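*Asks:* sequence plus the predicted model coming up.
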Amino acid sequence: MQLRELVDAVTGDEPPMGRTVDDIVAAGRRAERRRRNRFATAGAASLVAVAVASAITVPVLDARRTSSTLSEAPRPGVSPWPDASPFTFTFTGYDAGTLHVQDPIVVSTAYQIAPVYSDRHTSNDRPLTADEAESMQQETTAAGAKPSLWAYLTVYRPGAFAPAAIKGGRNVMVAGRRAVQATLPYALDPSQPPERGNKLFAWQYAKNAWAVVTAISGDEATPSFRDLSGLVTGLKPAGPTPAPLPFTVGYLPRGYVPLQVGTHALPGLSGIATARAGDYGGATYTRPPLRTSGLTAPFDSVEGGIRDGFHIFVTPSTSSNQSPEPGATRCYPGAARRGGFCNVWSADGSVVVQVSSEGVGGRLPQAELLRIAEGITVADDVRDESTWTPAGDALTP
């Protein structure tokens, strides 16, 4: 799903046309208030819209590019990076000054993504009660309030990232490694001028392999490029650990293959935008497979990235805009009566499985979405990861 589509999906009942950046920001703020009120009174948006709302209110989503190839020598005393299969985590969270990289929660055929938090900023990636939302509103307008930050670290597999494509990138050296820093356009619109609060810092962490930290900040000065460069030496190999999923699939339409998954999160950047929402897991499938080289950003933020796909979301029913219907199955039409999504609720109504083609160019008829949804088996206990299944086994019938 392209990020522009995420923004469109959350800013109105119908896909908006010709919106200015100011319109999008204003609409995003309205969407944030609506979303938080829904969480406070027990409903939320259709799972896609929930992820989108967070994505636009966290500030605005992003990702961009990088240049060069670097010293290939392994760092002294550090194990070589494992040659792991897709949907496998190969690093864990770490601290770098005031920045804190979390364990990765999204992994694809080409990269892993982890949220990044800051002691000096506020990150809005979890639902709030009405009282919490009101308190946050007061805090953000108070003198000396922490600026907002939405940041994430993307660790690309060898050969996946194309560093030469970072627009306006400046080559630097950090800890003996080549790196690139760039200021990003506002709201990821290339036609807009760069915003100094939006930064990208990329470095080569192993042979032909790059890591990229993206920071969308409400403060131009922080985090600085110096702050972001502090992440370089802390990134070390760990694992490998297959991503666990709280479900297995029983049916897939011909030609569709898994692209990315979320563990304790929705798949893709929507999962990073709602990292602390309490979701259980999900996956994105595409047809045909997307290429895993020459990338400049995560799949769902690249222009023309996902053109034909669908999502699987397994979440608490409170993450859905639809009222729980224990044991029921129900489908909803998409725009222009195409695609849409289907929900299957658990017997007690506390968990919902949603299969959606919204926002990913879905071409599947609703009958196929329903067949996928009805073929999904949820773990015995979605709250207990020990009952989950490694992604490599869970994603194919």
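*Replies:* Okay, I see it. Numbers count the residues shown, from 1 in each chain.
*Asks:* what residues are up against the nearest residue to residue 324 once chain neighbours are set aside?
*Replies:* Distances taken as Cβ to Cβ, 6 or more residues apart in numbering put residue 349 closest to residue 324, at 3.6 Å, once the chain neighbours are dropped. Every C-beta, even on glycine, is put in place using the N, C-alpha and C of the backbone. Residues in contact with residue 349 (Cβ atoms under 8 Å, 6 or more residues apart in numbering) are 317, 324, 325, 326, 327.
*Asks:* buried subset of those residues?
*Replies:* Buried residues within the contacts of residue 349, counting neighbours by 16 or more other Cβ atoms under 10 Å: 317, 324.
*Asks:* with pLDDT, secondary structure and distance to residue 309 added, can I get the contacts of residue 349 in a markdown table?
*Replies:* Written out in a markdown table, the entries for the contacts of residue 349 read as follows (pLDDT from 0 to 100; DSSP: H, G, I helix; E, B strand; the rest coil; distance: Cβ to Cβ, whole Å):
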| residue | pLDDT | secondary structure | distance to residue 309 |
| --- | --- | --- | --- |
| 317 | 93 | helix | 24 |
| 324 | 93 | coil | 27 |
| 325 | 93 | coil | 26 |
| 326 | 95 | coil | 29 |
| 327 | 95 | coil | 28 |
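*Asks:* which of the contacts of residue 349 sit farthest apart?
*Replies:* For the contacts of residue 349, with distances taken as Cβ to Cβ, the pair at the greatest spread is 317 and 327 (11.9 Å).
*Asks:* name the residues contacting each of those two.
*Replies:* Between them, residue 317 and residue 327 share the neighbouring residues 345, 346, 349, with contact defined by Cβ under 8 Å, 6+ apart.
*Asks:* now do the SS call for the last one.
*Replies:* For residue 349, the secondary-structure state derived from DSSP: H, G, I helix; E, B strand; the rest coil is coil.
*Asks:* again, but for residue 211
*Replies:* At residue 211 the chain is in strand, as set by three-state DSSP.
*Asks:* quick check, it in contact with residue 202.
*Replies:* Yes. Contact between residue 211 and residue 202 holds when scored by Cβ atoms under 8 Å: they sit 6.9 Å apart.
*Asks:* of the two, who's got more company?
*Replies:* Here residue 211 and residue 202 are compared on neighbour count by other Cβ atoms under 10 Å; more neighbours surround residue 202, at 27 against 23.
*Asks:* from residue 216, how far out is that one?
*Replies:* 16 Å (Cβ to Cβ, to the nearest Å).
*Asks:* and the helix or strand residue 284 falls within, what does it pack against?
*Replies:* For residue 284, the enclosing helix or strand under DSSP states H and E is strand 281-286. Using 3 or more Cβ pairs under 8 Å, 6 or more residues apart in numbering; DSSP states H and E, the elements in contact with strand 281-286 are strand 244-245, strand 257-263, strand 309-316.
*Asks:* would you list those in TSV and tack on mean pLDDT and mean neighbour count?
*Replies:* Listed next are the helices and strands packed on strand 281-286 as TSV, based on pLDDT from 0 to 100; neighbours: other Cβ atoms under 10 Å:
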stretch	mean pLDDT	mean neighbour count
strand 244-245	98	24
strand 257-263	98	26
strand 309-316	96	26
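*Asks:* nearest to residue 182, of those?
*Replies:* Comparison of those against residue 182 by Cβ to Cβ identifies strand 257-263 as nearest, at 24.1 Å.
*Asks:* pairing partners for that closest one, with directions?
*Replies:* strand 106-108 (antiparallel), strand 281-286 (antiparallel) (DSSP bridges).
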